[in-house]
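Asker: fold the following for me, if possible:
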Amino acid sequence: MDLDNLQGKVIAVTGGASGIGLGIVRKLILLNAKVAVADISQRPAELHDCPHIMYDVVDVSSRRQVHEWMQRIVLKFGRIDGMCPNAGISPYEGGIVSDELYQRIFAVCVTGVWNCGTEAYWQFKKQGGGGVLVITSSGGGLRPVAGLAAYCSAKHAVVGLTRAWALEWAQEGIRVNSVAPGHFIQGLTETAMQKETAKTFPEAQERFSSMVPMGRIGKPSEVADAVIFLLGKTASYVTGHILVCDGGLLNL
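Answerer: Residues are numbered from 1 along each chain as shown. Reported below is the predicted structural model:
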């Protein structure tokens, strides 16, 4: 795989302070990309003093905040080559979900993707076309999970956006793909959210982990590798694809 093609490229990553998002940022730093990181949390210590990094506190559910973030990216780096709308939440719903929780899940997981994807699209257009989106979906966007109706619905919407945008923007040279890591019930990836859920449901954590065909929890760096592939020229003929990265559980 030619990884040098990401050197010097400007890639934006949301939810980049922890978990899969931080895993993506780490990989991009190693590949000498210029990285614009957004998260609702403050900048983590390990991202201080990193060259070619800008960090902003952004609520992706706010169109205004995402628009202003995009303006700051272009002001600093001059352009944008790729966008990774990764920010998301996955609280356990336990069946009947409250309206407030439903609205928050959709605000972050769907509206956040819409805001970041469309802002990236308009900037790609200003630059004359081209550009890549790699969206973080979920196994829950391909297969239902009892007790997670709002989350699964949101991630199914993300899959729909991925496929529709891929069709709509292909003629402009814009590729749109998703990665679908596992989550607490389908596949599992080592993230802060997963660890918090595991504290609440330790027996379920062990049981579902043992169900993964590969027999272990996935690492953020492994999902990040899938994202890097889709961002780069090696995937130049890939668009509208959902790349599952869950240790094989979706095949059961």
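
Asker: show me the shaky parts of the stretch 51-200 of the chain.
Answerer: Applying pLDDT under 70 to the stretch 51-200 of the chain picks out residues 183-200.

Asker: in the stretch 151-252 of the chain, which spans are helices?
Answerer: Assigned by DSSP state H, counting those that start in this stretch, the helices in the stretch 151-252 of the chain fall at 192-200, 202-211, 220-231.

Asker: weakest of those in terms of mean pLDDT?
Answerer: Out of the helices of the stretch 151-252 of the chain, helix 192-200 stands lowest, with a mean of 54 (criterion: mean pLDDT).

Asker: where does the nearest residue to residue 220 once chain neighbours are set aside sit: helix, strand or coil?
Answerer: The shortest distance from residue 220 to any non-neighbouring residue, by Cβ to Cβ, 6 or more residues apart in numbering, is to residue 23 (3.1 Å). In this view, the C-beta of every residue, glycine as well, is placed from N, C-alpha and C. Of the three states, residue 23 takes helix according to DSSP: H, G, I helix; E, B strand; the rest coil.

Asker: at the geometric centre of this protein, which residue do we find?
Answerer: In the chain, the residue lying closest to the centroid (Cα atoms, centre = their mean) is residue 86, at 2.2 Å.

Asker: separation between it and residue 99?
Answerer: 26 Å (Cβ to Cβ, to the nearest Å).

Asker: now residue 180
Answerer: From residue 180 to residue 99 the distance is 27 Å (Cβ to Cβ).

Asker: who has more neighbours, these two?
Answerer: Between residue 180 and residue 99, counting by other Cβ atoms under 10 Å, residue 180 is the more crowded of the two (28 against 8).

Asker: residues touching the residue nearest to the centre of the chain, list them.
Answerer: For residue 86, the contact set (Cβ atoms under 8 Å, 6 or more residues apart in numbering) comprises 13, 14, 15, 16, 20, 21, 24, 135, 136.

Asker: narrow those to those in helices?
Answerer: Per DSSP state H, helices hold the following members of the contacts of residue 86: 20, 21, 24.

Asker: state the distance from the first one to residue 14.
Answerer: In this case it means residue 20. As for residue 20, its distance to residue 14 is 11 Å (criterion: Cβ to Cβ).

Asker: can you redo the ones in helices among the contacts of residue 86 as CSV with pLDDT and neighbour count?
Answerer: Shown next, in CSV, are these (pLDDT from 0 to 100; neighbours: other Cβ atoms under 10 Å):
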residue, pLDDT, neighbour count
20, 94, 31
21, 96, 27
24, 97, 31
